[in-house]
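S.K.: let me see the structure of the following:
(one chain, ligands or ions: 1)
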Amino acid sequence: MTTRNATPNDPVVRVRGLEKRYGDLAAVDGVSFDIERGETFALLGPNGAGKSTTIEILEGYRTRSGGDVSVLGIDPTRGGLDWKSRLGIVLQSTGETGNATVVEQLRHFAGFYPNPRSVDEVIAAVGLQAKAKTRISKLSGGQRRRVDVALGIIGRPELLFLDEPTTGFDPESRRDFWTLIRQLKAEGTSILLTTHYLDEAAQLSDRAGVIAGGTLIEIGAIDEIGGADARVPVVRWRDASGAPRSVQSEHPAATVAAITAELGGEPRELEVIRPSLEDIYLGLVKAHDAASTGGAAAASATPSTATSQEVRS
Ligand SMILES: Nc1ncnc2c1ncn2[C@@H]1O[C@H](COP(=O)(O)OP(=O)(O)OP(=O)(O)O)[C@@H](O)[C@H]1O
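M.R.: This next block holds a predicted model:
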């Protein structure tokens, strides 16, 4: 076996120079990051960026081509059943379609863990009380996804991997899921989340890493990622001729006052927008795409709320 269990001060995940090649394709190309104990970390990136490959290497489902990885103090390629029982895994694709009912499946899986949660509590936490005795094969796609999440948390994991967990959830179920994740976090669970819902990442995560083309292009606290410049508010309005105008401003109130004075009245369709995580993320990915296709000069991490006509005040 390998090294030692993580102490409370060690990161629960430590990745250094991770590489994964599929033939000529470098799907993951020198990625490094840590996840601290109790932290929720979001791995963000476009389709094919390398998120699932990274997460599945951490889970022990894929081998790596290079680099060092430690998960709960263990190299995943050597993780045994004891190590696996400390993880909760919600894979990207829904696996549960069998003939068992929800409660039967959860009882069955609870038996694999030394200290599982109560099956009834988990069913309630994922909002499947009314379907507890229904066969999984008869559930809707979103309900099956909730079974996946239930199976991921039944073993009371120290570290929970959530690969696009809320795909197929209706808006209310997503909010319920967020509440559940906050409860798990409050209990001390460390979480690695991938999602294409940037509002979900912003709501749940302490830090995020953005991966594109197999490399980590940005990492930081959710409210700092992309840097201060990317967070400058944008004032939008229509000028006297009805043309759309926008300006990035560190002092939006003063900017609005100046526009109002210039127009001699209320600006039409006035709005002040603070770039969201999604705007910032889109700016980062756009800048990376431009740089990697040779258009570096045109690239900047300007939020997507910006337009080419904008000036900064
Ligand atoms: N088994 C495989 N064999 C060959 N290429 C693969 C394999 N698995 C993934 N890839 C390629 O590796 C790259 C990264 O894929 P990965 O599934 O990690 O992306 P992702 O960021 O999770 O994307 P998505 O958001 O679509 O889930 C892609 O170009 C993909 O086509």
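S.K.: is Ser246 in a bridge, and if so with what?
M.R.: According to DSSP bridges, the partner residues bridging Ser246 are Arg236.
S.K.: thinking it is in contact with Pro233, fair?
M.R.: No: using Cβ atoms under 8 Å, Ser246 makes no contact with Pro233, being 10.5 Å away. Using the backbone N, CA and C atoms, a C-beta is placed for each residue, glycine as well.
S.K.: show the pLDDT at Thr305.
M.R.: For Thr305, the pLDDT comes out at 43.
S.K.: below-threshold pLDDT in this protein: ranges please.
M.R.: Confidence mapping of the chain against pLDDT under 70 gives the ranges 1-8, 94-97, 294-313.
S.K.: how about a cut-off of 50?
M.R.: 1-3, 296-311 (pLDDT under 50).
S.K.: any idea where the helices of it begin and end?
M.R.: Assigned by DSSP state H, the chain shows helices spanning 51-59, 81-84, 102-110, 119-125, 141-153, 171-186, 198-204, 252-263, 277-292.
S.K.: give the other helices and strands that the shortest one contacts.
M.R.: Think helix 81-84. Applying 3 or more Cβ pairs under 8 Å, 6 or more residues apart in numbering; DSSP states H and E, we find helix 81-84 packed against no helix or strand.
S.K.: could you measure from Gly142 over to the ligand?
M.R.: Plainly put, Gly142 is 18 Å away from the ligand if you go by Cβ to the nearest ligand atom, to the nearest Å.
S.K.: would you confirm that that residue contacts Pro171?
M.R.: No: Gly142 is not in contact with Pro171 according to Cβ under 8 Å; the separation is 10.8 Å.
S.K.: the two: which has the busier surroundings?
M.R.: Between Gly142 and Pro171, counted using other Cβ atoms under 10 Å, the more crowded position is Gly142 (15 against 8).
S.K.: so what's the more buried one closest to, chain neighbours aside?
M.R.: Nearest non-adjacent residue to Gly142, counting by Cβ to Cβ, 6 or more residues apart in numbering: Gly168, 4.4 Å away.
S.K.: is it true that the one you found touches Gly141?
M.R.: Yes: with contact defined as Cβ under 8 Å, Gly168 counts as touching Gly141 (4.6 Å).
S.K.: looking at these two, which is more packed in?
M.R.: Each of Gly168 and Gly141 has its neighbours counted (other Cβ under 10 Å); Gly168 has more, 16 against 10.
S.K.: could you check how far the more buried one is from Arg146?
M.R.: 9 Å (Cβ to Cβ, to the nearest Å).
S.K.: got it, and Ala26?
M.R.: 36 Å.
S.K.: more neighbours: these two, which one.
M.R.: More crowded of Ala26 and Arg146, by other Cβ under 10 Å: Arg146, with 27 against 17.
S.K.: quick one: neighbours of the nearest residue to the more buried one once chain neighbours are set aside, just the number.
M.R.: Nearest non-adjacent residue to Arg146, counting by Cβ to Cβ, 6+ apart: Val126, 4.3 Å away. Residues lying near Val126 (other Cβ under 10 Å) number 25.
S.K.: residues of this protein that sit close to the ligand?
M.R.: 22, 25, 27, 45, 47-53, 92 (Cβ under 6 Å from any ligand atom).
S.K.: nearest to Leu198, of the residues you listed?
M.R.: Taking Cβ to Cβ as the measure, Leu198 lies nearest Gly45 of those, at 11.3 Å.
S.K.: next, count neighbours for the closest one.
M.R.: 27.
S.K.: which residues touch the closest residue to it other than its chain neighbours?
M.R.: Leaving aside its sequence neighbours, Gly45 sits nearest to Ile211 (Cβ to Cβ, 6+ apart; 3.9 Å). Applying Cβ atoms under 8 Å, 6 or more residues apart in numbering to Ile211 gives the contacts 31, 43-45, 49-51, 54, 217.
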